[in-house]
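Visitor: take this sequence and fold it.
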Amino acid sequence: MSVLERDLKFIESKNDLKKQQRLLLFHRIIGNKLIVTGGVILTLLTLIALIAPIVVPYGPYEMQVENRLKAPSVDHLLGTDNFGRDLLSRIAYGARVSLGIGAMVAFFACLIGLIIGLLASYFKTLDNILMRICDGLMAIPGVLLAIALVAALGPLKQNVVIALVIVFIPNVARIVRSTALVIREETYIEAIRAQGASTWRIIALHIAPNTISPLVVQASFIFADAIITEAALSFLGAGIPAPNPSWGNILYDGKIVIFNAWWMTVFPGILIILSVLGLNLLGDGLRDLLDPNISKGKKGR
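Guide: Got it, this is the predicted structure:
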């Protein structure tokens, strides 16, 4: 056998191994009921948000004062609110706002928390400074901190995102830091350091990638918490400014007429519950998938 044929055979076997690994991962994902259930719920809610302009019969700001507080009917499947706006349209457009804010908060909180956690794990001076700041932020209840930040910055959508990102950064930073502290003491990191690799190369190429698994799991939980916190802020009148549709804003409008128009609180409440349930199931499933020790512990019970 020639050298070329041997190399080609080696490449083919390597490609086959990668295909088998991808197939095995796919089967593990499909076989995980938590991931499948959470993924289906989240996909359906995302579809509602994406196709809202095509499906809903009315605009989210379109008022019909003569039809205010109408119960669910053929013309208004989920009823109308106290301004005569179609509730189905507002909930569908509200899914865009609530899910969008949750996704942005999860992304930026994880990104900034990853950077802070990596720096704190590798530089002792920065560790003392950054972790004390995180401790101070974590000492304040999240909702109160978010309300204070929104009040200082102003009631705008981007300010709500900034406030929630600041609320969730400390948790992410601590998780990344604890994971990175374990990884930096591994033998292969010592070997890479002995070979003359720079600090930033070690952090970026060898420590950071190994913190992604817990970070992905944490992102799903932050996504869910951000949806709840945004709804709480809007319900208290400190979140997304009216008349912009969000699930929290709809609940805020509905609390005034809760005994006369139950549909204004029930339907957005159900969607908030479903979104948080789906994200928590997805997070639990990802944790089982990415951490074999947890799966083995469950099977051993």
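
Visitor: burial measure for Leu282, as a count.
Guide: Residues lying near Leu282 (other C-beta atoms under 10 Å) number 25. Using the backbone N, CA and C atoms, a C-beta is placed for each residue, glycine as well.

Visitor: what's near enough to touch it?
Guide: The neighbours of Leu282, taking C-beta atoms under 8 Å, 6 or more residues apart in numbering as the test, are 34-35, 38-39, 42, 220.

Visitor: for the closest residue to Leu156 other than its chain neighbours, helix, strand, or coil?
Guide: Computed as C-beta to C-beta, 6 or more residues apart in numbering, the closest residue to Leu156 that is not its neighbour in sequence is Pro241, at 7.0 Å. Secondary structure assignment for Pro241 (DSSP: H, G, I helix; E, B strand; the rest coil): coil.

Visitor: tally of neighbours for Pro241?
Guide: Pro241 - counted by other C-beta under 10 Å - has 16 other residues nearby.

Visitor: isn't Leu274 up against Leu42?
Guide: No: with contact defined as C-beta atoms under 8 Å, Leu274 does not count as touching Leu42 (9.1 Å).

Visitor: on that earlier part again, dihedrals phi and psi, the residue nearest to Leu156?
Guide: Dihedral angles phi and psi of Pro241 (degrees, to the nearest 10) take the values phi -70, psi 140.

Visitor: number of residues surrounding Leu24?
Guide: With other C-beta under 10 Å as criterion, Leu24 counts 10.

Visitor: of all the contacts of Leu282, which comes closest to Leu88?
Guide: Relative to Leu88, the closest of the contacts of Leu282 is Leu42; by C-beta to C-beta it sits at 20.1 Å.

Visitor: for the closest one, which non-adjacent residue is spatially closest?
Guide: Nearest residue to Leu42, sequence neighbours excluded (C-beta to C-beta, 6+ apart): Gly278, at 4.5 Å.

Visitor: so how far is whichever strand or helix holds the one you found off the chain centroid?
Guide: Using DSSP states H and E, Gly278 maps to helix 263-290. Centroid displacement of helix 263-290 relative to its chain, using C-alpha atoms, centre = their mean, to the nearest Å, is 11 Å.

Visitor: show me which residues of that helix are buried.
Guide: Residues of helix 263-290 classed as buried: 263-265, 267-268, 271-272, 275-276, 278-289 (neighbour count, 16 or more other C-beta atoms under 10 Å).
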